[in-house]
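Visitor: dropping a prediction and its sequence here:
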Amino acid sequence: MHTMKLSAIVAALGGELRGDDREIQRLAPMDEAGASDITFLANPKYRSQLASSAAAAVIVKPALAEEATKVGRSLILAADPYLYFAKVARLFSPLPPAQGGIHPRAVVADGCRIAASSEVRELVSIGRNVTIGERCILHPGVVIGDDVSLGDDVVLYPNVVVYHGCRLGSRVMVHAGAVIGADGFGLAWNSDRWFKIPQTGVVVIADDVEIGANTTIDRGALSDTVIGEGAKLDNQIQIAHNVTVGAHTAMAGCAAVAGSTRIGARCTIGGAARIIGHLEIADGTHVGAGTLISKSIRKADAYTAVYPMATHKEWLANAAHVRHLDDLVTRVKQLEKALSTAQQNKD
């Protein structure tokens, strides 16, 4: 079992240790933590659990140090306990390093340049003229098209597909089943049928991006689809052709972005949100879960466009009122006009 002393944690991550230098075996929630566990308090609504928690150590803000003190407990004081907890979790669960080499059951085409420190596992298929940087890991079932380039420390989990010509930066992580660079949905109507428009751009993914399982990012039609530095995309997201996602933007599961929309930096996009095409979303915008964005957002703010939940009976009643809303507005305007006319005649 992996253990670590509190002093080693503080030496690695900073913060201030108060109390005994205990040996820690794992991280745990406050209500489940035991005598060899470390926990954290980030949300004030859980303050009541401090007294009853059996945790050996708690990560808290300095302002809560006195309240968190308990006989036999140590503290780590940190300005942002949640971020500190995340870093402690990484210390306890480091990513496994690449074991350099190409498995004999992998298929590598001509013209590839693969760093000796990178690991290509069984049943990986790599196309022609592919470049793979240092310490990358390609899990079984990964398929890489021709002329793809991967930076250093890239991890592609099982059955990831990267189409021809796409470029991934360093420290990119792509989870199982994701597809990078499939054709965008480009069609022109030709009298009585659709004519497919060639999608000649690629997907460019910057450094430190993480892409969730079964997410799809389409290649550009003429220019490229671009995912900015440090962006985080959850599972089952659809990014259409020529979209730009700004640096450090985070998107939750099942969100969908239509073609040629530009999402700014440091945005958050809630789960199942939908953004139609050819829009501009300002830096720092927050879009709520399930929200439909149908026009550009020029001013950063939190945006929500979801009908409030109700019982089915209530929803039917409200929907009936909404359906007649235009008639109601017309009647109100007529009444206002009639009242104005009556007032004028009275005067």
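Guide: Happy to help now that I have it.
Visitor: buried residues in stretch 192-203?
Guide: The neighbour-count check on stretch 192-203 (16 or more other Cβ atoms under 10 Å) flags Gln199, Gly201, Val202, Val203 as buried. (Each C-beta comes from the backbone N, C-alpha and C, glycine too.)
Visitor: hmm, Arg167 and the third one touching each other?
Guide: Yes. Contact between Val202 and Arg167 holds when scored by Cβ atoms under 8 Å: they sit 6.6 Å apart.
Visitor: ok so, going back, mind checking which of the buried residues of stretch 192-203 are in strands?
Guide: Among those, the members falling in strands (DSSP state E) are Val203.
Visitor: distance to Ala28 and pLDDT for the buried residues of stretch 192-203 - can I get that in CSV?
Guide: Listed next are those as CSV, based on distance: Cβ to Cβ, whole Å; pLDDT from 0 to 100:
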residue, distance to Ala28, pLDDT
Gln199, 48, 97
Gly201, 47, 98
Val202, 44, 98
Val203, 39, 98
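Visitor: which SS class is Asp327?
Guide: helix (DSSP: H, G, I helix; E, B strand; the rest coil).
Visitor: number the residues from 423 up from this point.
Guide: Sure, I'll start counting at 423 from here, so that last one is Asp749.
Visitor: out of the buried residues of stretch 614-625, who's nearest Leu560?
Guide: Nearest to Leu560 among those: Val625, at 17.3 Å, using Cβ to Cβ.
Visitor: and the gap between that closest one and Gly436?
Guide: Look at Val625 and Gly436: by Cβ to Cβ, to the nearest Å, they are 37 Å apart.
Visitor: got it, and Glu454?
Guide: Taking Cβ to Cβ, one finds Glu454 at 26 Å from Gly436.
Visitor: okay if I get the buried residues of stretch 614-625 as JSON lines plus distance to Asn740?
Guide: Below are the buried residues of stretch 614-625 laid out as JSON lines (distance: Cβ to Cβ, whole Å):
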{"residue": "Gln621", "distance to Asn740": "43"}
{"residue": "Gly623", "distance to Asn740": "44"}
{"residue": "Val624", "distance to Asn740": "47"}
{"residue": "Val625", "distance to Asn740": "43"}
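Visitor: in the stretch 423-572 of the chain, where is pLDDT below threshold?
Guide: Within the stretch 423-572 of the chain, the segments meeting pLDDT under 70 span 423.
Visitor: how about 80 then?
Guide: For the stretch 423-572 of the chain, the stretches with pLDDT under 80 are 423-424.
Visitor: check the stretch 623-769 of the chain too.
Guide: For the stretch 623-769 of the chain, applying pLDDT under 80 flags the ranges 768-769.
Visitor: which SSE is Leu738 in?
Guide: In this structure, Leu738 sits in helix 734-745 according to DSSP states H and E.
Visitor: show me how far that helix is from its chain's centre.
Guide: Taking Cα atoms, centre = their mean, to the nearest Å, the mean C-alpha location of helix 734-745 is offset from the chain mean by 35 Å.
Visitor: what's that helix in contact with?
Guide: Ala732, Leu750 (Cβ atoms under 8 Å, 6 or more residues apart in numbering).
Visitor: list the contacts of the nearest residue to Arg527 once chain neighbours are set aside.
Guide: Nearest-residue entry for Arg527: Glu544, 4.2 Å, with adjacent residues in sequence omitted and distances by Cβ to Cβ, 6 or more residues apart in numbering. Applying Cβ under 8 Å, 6+ apart to Glu544 gives the contacts His525, Pro526, Arg527, Ala528, Pro562.
Visitor: cutoff 6 Å now
Guide: His525, Arg527, Pro562 (Cβ atoms under 6 Å, 6 or more residues apart in numbering).
Visitor: also Asp749?
Guide: Asp749 neighbours (Cβ under 6 Å, 6+ apart): none.
Visitor: would you check how far apart it and Glu736 are?
Guide: The value you get for Asp749 to Glu736, if Cβ to Cβ is used, is 21 Å.
Visitor: what's the answer for Ala476, then?
Guide: As for Ala476, its distance to Glu736 is 45 Å (criterion: Cβ to Cβ).
Visitor: neighbour count: those two, which is higher?
Guide: Between Ala476 and Glu736, counted using other Cβ atoms under 10 Å, the more crowded position is Ala476 (16 against 11).
Visitor: that one - that's part of a helix, no?
Guide: No. Using three-state DSSP, the assignment for Ala476 is coil, not a helix.
Visitor: that one and Asp459, how far apart?
Guide: The value you get for Ala476 to Asp459, if Cβ to Cβ is used, is 8 Å.
Visitor: what's the answer for Ile633, then?
Guide: Ile633 is 32 Å from Asp459, by Cβ to Cβ.
Visitor: that concludes my questions; thank you for your assistance.
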